[in-house]
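[1] Fold the following and give me the result.
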Amino acid sequence: MTFKIAFTSSKDYYKESYEELISVKKFKKFEPILAIILLLFGVFLFISDSINKLKFLPIVFIILGVYEFFKFYYDKINGLKRELKVELSTKN
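    Now for the predicted structure:
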């Protein structure tokens, strides 16, 4: 008995693969939530600091929140591009 298996990967395959990877990593799936919490905490500190005692601390939390949010989506897009590039280079 002989079996032939043909495997064709696509962008949808790598998206699903990335979602499975995130479900295994404990911290990675909570990065967007952490980013939103940091951002909201920074905005709360900025609004509640009426006497300007905290100086630039609220801005630091806002920047960290924005950074974490963009880093999460950049890693996802960059990972998909990297996997597609590796696949195309192995076909040639």
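
[2] what comes up buried for the lowest-mean-pLDDT helix or strand in the chain?
    Within the chain, no helix or strand scores below helix 11-24, which has a mean of 74 by mean pLDDT, DSSP states H and E. Within helix 11-24, the residues scored as buried using 16 or more other C-beta atoms under 10 Å are 14, 18, 22. Bear in mind the C-beta positions are built from the backbone N, C-alpha and C, glycine included.

[3] Give the next helix or strand downstream of it.
    helix 31-48 (DSSP states H and E).

[4] what residues does the least confident helix or strand of the chain touch?
    Helix 11-24 has contacts (C-beta atoms under 8 Å, 6 or more residues apart in numbering) with 28-29, 76, 79-80, 83-84.

[5] so who does the most centrally placed residue in the chain touch?
    The centre of the chain sits closest to residue 72, judged by C-alpha atoms, centre = their mean, with a distance of 1.6 Å. When contacts are counted by C-beta under 8 Å, 6+ apart, residue 72 touches 28, 31-32, 35.

[6] Now which of the residues you listed would you call buried?
    31, 35.

[7] could the contacts of residue 72 go into a markdown table alongside distance to residue 1 and pLDDT?
    Converted to a markdown table, these look like this (distance: C-beta to C-beta, whole Å; pLDDT from 0 to 100):
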| residue | distance to residue 1 | pLDDT |
| --- | --- | --- |
| 28 | 42 | 77 |
| 31 | 47 | 86 |
| 32 | 48 | 88 |
| 35 | 53 | 93 |
